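S.K.: just the structure for this:
(2 chains, ligands or ions: 2)
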Amino acid sequence: MEILGTVIGVVVKSLIFIVGMFLAAAYLTLIERKFAGHVQQRPGPLHVGFHGLLQPIADALKVLTKEDIVPANVDRVLFYLASLLAFVPAIMILAVIPFGEPFTLFGIEIKPYITDLNVGLILALAFGSISIYGVIFAGWASNSKYPMIGGLRKAAVLIGYEVALGFAMVGPLMMAGSFSLREIVAAQDGFFGAFIWYQPIAFIVILFAILAETGRTPFDVQEAEAELVSGYNTEYSGMKFGLFPLAEWYIGTFVLSAIAVILFFGGWKGPQIFGFLSPFIWFFLKVAMMFMFFLWVHWTLPRYRVDQITEIAWKVMLPLSLLNIFITAIIILIKG
Amino acid sequence: MIKVKFLERPNLNLWEKVFFLDFINGLKVTFKNLLRKTITTKYPYEKLTPPKRFRGVHAHRVKDGQEPPSFAVLGKFMEINYDESRCVACYMCQQACPMPTLFKIEAVQLPNGKKRVTKFEMNLLNCLYCGLCVDACPVDCLIMTDIYESANYHRKNCVIHMEDMSDRGRDFDRRRKQEKDRIWIDDQERTKLWGQIRWT
Ligand code: SF4
Ligand code: SF4
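M.R.: Residues are numbered from 1 along each chain as shown, chains lettered A, B, ... in the order given. Ligands and ions are numbered 1, 2, ... in the order given. Below is the predicted model of the structure:
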């Protein structure tokens, strides 16, 4: 009975998370388009619904009813797999992200997270890396030049930033003393307890890595519209194509912003001014700010070359994150 | 010989390198733009008037007593009523056109010995809106209007005829004949869009 209850609870929660994430991703596209528009002094979607509020739905209908073309010479298995492989791991990271402390509603204890693994952060990192395989496979399976170049570029960039990302996360982990995202949040107390004050270097490295992982502009070499005609997804069409930007630009960025918020900004902690909803409101407020920051960077900067990115990753970001670990370790040693 | 100009890469000092100052400047610029008003014309709901010399859909000027002197000579041999297209079927426009086959011009000789234009059709699908035909017309008949919405659902609707061309010409002259011939319009929309220009 106990097990059945748990299973049902987890299934229901997963469904809520997945459906919620889909809807959120749809509206994140709207936010991004509005933001990009206003940065370039145009209004963005405007006429479908009030100020384009129904545009994501129209877009979804459009992309779902598009003809799904599979070129003749592709590697079919990988070609179909690639778009799922980009999308599913990205959404699976949600499994370990806590949205708040457990609370009681109508006598039932509700945990606003799916699992609280003690290796949560490592799982998130692993899924993030698996989702990159989608891009690389897409490039390889398309059997065409531009996707190939895009996939290879992504692979080259991946090797660089993954290392720096992994090492940069060690700093906050050492301070929290746990891999569980919940405990990391619990370790940050009050406004000046947030790890951003103690780990600014790690924060910068992680910003860099998230931008590179989600393929946002200073590091979007894999889809470089100008040179590679959208790179790895050139041969894709219909919803198979739609899953890539959805996974990378929206779900990926959202989920990784959530992780950055948990690591550096104290997750859902904040003054209790909205009643029992305040953890959620704080969390989503912080994640939204983080997301907007990534958008802001995306629509500001031009693109780096691949060699420049790997150079930054290996020569700047990796030493920085190692230095950060070193300093953190010494401080922890001294303070005991 | 192609001349190559070498530019020194701007050298950032340590301060700028450590704190990403360029990067922050860029962010500042985008943020400023974010707060500015949008300049988009909401096209189907709001349309800009093109300048008078815009090269849009073709039209025929009508015989209205304001013809150039050349018409006094050519018009003598023509059977053209008042307020009808003043085309004299000289085929000059077709001669000048880089794509002459888009014109279908026919004229007949009436029993009284005068000439009457029976057909003047242009297939605008082949037109590249270069305006050479307008320059070639000796009687200032063929003009180009400021109408730029020439898309159609059927190909046959893209062919324009003498009647609707004269209508368009009358309409265009009524609206814009008096307007001064400037390259740039200086009307409300333009000021709204780009701000007031101060000439020095
Ligand atoms: S605008 Fe140019 S292409 Fe068009 S009909 Fe006139 S001469 Fe021919
Ligand atoms: S050049 Fe002018 S007058 Fe001559 S046929 Fe063409 S439109 Fe008519």
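S.K.: the residue nearest to residue A:318 when sequence neighbours are not counted: neighbour count?
M.R.: In space, and not counting its chain neighbours, residue A:318 is closest to residue A:164: 4.8 Å by CB to CB, 6 or more residues apart in numbering or on different chains. For glycine as for every other residue, the C-beta is placed from the backbone atoms N, C-alpha and C. By the criterion of other CB atoms under 10 Å in any protein chain shown, residue A:164 has 25 neighbours.
S.K.: residue B:52 is in contact with residue B:179, correct?
M.R.: Yes - under the criterion of CB atoms under 8 Å, residue B:179 makes contact with residue B:52 at 5.3 Å.
S.K.: which parts of chain B sit against ligand 1?
M.R.: Neighbours of ligand 1 within chain B, by CB under 6 Å from any ligand atom: B:96-99, B:102, B:122, B:127-133.
S.K.: how about a cut-off of 8 Å?
M.R.: For chain B, the contact set with ligand 1 under CB under 8 Å from any ligand atom comprises B:55, B:58, B:93, B:96-100, B:102-103, B:122, B:124, B:126-134, B:136, B:142, B:144.
S.K.: can you say which of those are buried?
M.R.: Buried members of these, counted by 16 or more other CB atoms under 10 Å in any protein chain shown: B:55, B:58, B:93, B:96-97, B:102-103, B:122, B:124, B:127, B:133-134, B:136, B:142, B:144.
S.K.: centroid-nearest residue for chain B?
M.R.: When CA atoms, centre = their mean is applied to chain B, the residue found nearest the centroid is residue B:55 (1.5 Å).
S.K.: got the contact list for it?
M.R.: Taking CB atoms under 8 Å, 6 or more residues apart in numbering or on different chains as the contact definition, residue B:55 lies against B:129-131, B:134, B:144.
S.K.: would you turn these into TSV with secondary structure and pLDDT?
M.R.: Converted to TSV, the contacts of residue B:55 look like this (DSSP: H, G, I helix; E, B strand; the rest coil; pLDDT from 0 to 100):
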residue	secondary structure	pLDDT
B:129	coil	91
B:130	coil	91
B:131	coil	90
B:134	helix	92
B:144	strand	92
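S.K.: can you put the residues you listed in JSON lines and add distance to chain A?
M.R.: Shown next, in JSON lines, are the contacts of residue B:55 (distance: CB to the nearest CB, whole Å):
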{"residue": "B:129", "distance to chain A": "27"}
{"residue": "B:130", "distance to chain A": "31"}
{"residue": "B:131", "distance to chain A": "31"}
{"residue": "B:134", "distance to chain A": "34"}
{"residue": "B:144", "distance to chain A": "30"}
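S.K.: model confidence over the strand ranked longest in chain B, on average?
M.R.: What stands out as the longest strand in chain B, according to DSSP state E, is strand B:115-123. Mean pLDDT, strand B:115-123: 91.
S.K.: residue A:188 touches residue A:263, doesn't it?
M.R.: No - with contact defined as CB under 8 Å, residue A:188 does not reach residue A:263; the gap is 9.1 Å.
S.K.: what do these two both touch?
M.R.: By CB under 8 Å, 6+ apart, residue A:188 and residue A:263 have these common neighbours: residue A:195.
S.K.: just the CA trace of stretch A:194-203, in CSV.
M.R.: Once non-C-alpha atoms are left out, stretch A:194-203 reads as follows in CSV (Å, rounded to 0.1, in the frame of the first residue of the first chain):
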residue,chain,number,x,y,z
ALA,A,194,23.8,32.9,-0.4
PHE,A,195,26.9,31.4,-2.0
ILE,A,196,27.1,34.1,-4.6
TRP,A,197,28.9,36.2,-2.0
TYR,A,198,31.5,33.5,-1.4
GLN,A,199,31.8,32.0,-4.8
PRO,A,200,31.8,34.8,-7.4
ILE,A,201,34.4,33.1,-9.5
ALA,A,202,32.5,29.8,-9.6
PHE,A,203,29.4,31.8,-10.6
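S.K.: give me the contact list for it.
M.R.: The contact list for stretch A:194-203, computed with CB under 8 Å, 6+ apart, reads A:168-172, A:175-176, A:188, A:260, A:263-266, A:320-321, A:323-324, A:328.
S.K.: and if you look at stretch B:21-31?
M.R.: With CB under 8 Å, 6+ apart, stretch B:21-31 has contacts from A:39, A:296-297, A:299-301, B:12, B:15-16.
S.K.: need the phi and psi values for residue B:159.
M.R.: Residue B:159 adopts backbone torsions of phi -90, psi 130, taken as degrees, to the nearest 10.
S.K.: from what I see, it and residue B:119 are in contact.
M.R.: No - using CB under 8 Å, residue B:159 makes no contact with residue B:119, being 11.2 Å away.
S.K.: so which of those two has more stuff around it?
M.R.: Set residue B:159 next to residue B:119 and count neighbours by other CB under 10 Å: residue B:159 wins out with 15 against 12.
S.K.: what about that one, distance to chain A?
M.R.: Taking CB to the nearest CB, to the nearest Å as the measure, residue B:159 falls 32 Å from chain A.
S.K.: for the residue of the stretch 101-250 of chain A found nearest ligand 1, give me phi and psi.
M.R.: Closest contact between the stretch 101-250 of chain A and ligand 1, by CB to the nearest ligand atom, is at residue A:229 (32.2 Å). The phi/psi pair for residue A:229 (degrees, to the nearest 10) reads phi 40, psi 60.
S.K.: for it, give its distance to residue A:266.
M.R.: Noted for residue A:229: a distance of 43 Å to residue A:266, by CB to CB, to the nearest Å.
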